[in-house]
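Trainee: Sequence and predicted structure are below.
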Amino acid sequence: AMTRTEDGFQGTVPGGYISPEWDLIVYCSTRDEAGEPLLYPGIFHPEHAFPYFVIAVCQQG
């Protein structure tokens, strides 16, 4: 679940989904006013080459 903030939206990825060996790939999904599905960044987004974001996961040492 995500919540609206002053700058957009905020959500939390549960720690069980994160592995220190791999980066995290995420995208957001919702429905528009007509109930149609929306993905962000989605396919063919003008500003993003891929339909997801890659978040680097760093091991603390």
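Mentor: All right, it came through fine.

Trainee: Which parts of the chain are strands?
Mentor: 2-5, 8-11, 24-26, 28-31, 37-40, 53-55 (DSSP state E).

Trainee: dump the residue contacts of Leu39.
Mentor: Applying CB atoms under 8 Å, 6 or more residues apart in numbering, we find Leu39 in contact with 27-29, 51. (C-beta placed from N, C-alpha, C; glycine too.)

Trainee: Retrieve the pLDDT associated with it.
Mentor: The predicted local distance difference test score for Leu39 is 89.

Trainee: Which strand residues bridge it?
Mentor: The partner list for Leu39 in beta bridges (DSSP bridges) reads Ser29.

Trainee: Distance check, it against Gly16.
Mentor: Note on Leu39: its distance to Gly16, by CB to CB, to the nearest Å, is 23 Å.

Trainee: same check, this time on Ser29
Mentor: To Gly16, Ser29 is 20 Å away according to CB to CB.

Trainee: for Gln10, same thing?
Mentor: To Gly16, Gln10 is 19 Å away according to CB to CB.

Trainee: what does Ala49 give?
Mentor: Taking CB to CB as the criterion, Ala49 is separated from Gly16 by 29 Å.

Trainee: Could you do Cys28 as well?
Mentor: Where Gly16 is concerned, Cys28 sits at a distance of 19 Å (CB to CB).

Trainee: Comparing these two, which residue is more hemmed in?
Mentor: Looking at Cys28 and Gly16 with other CB atoms under 10 Å, you find the greater number of neighbours at Cys28, namely 14 against 6.
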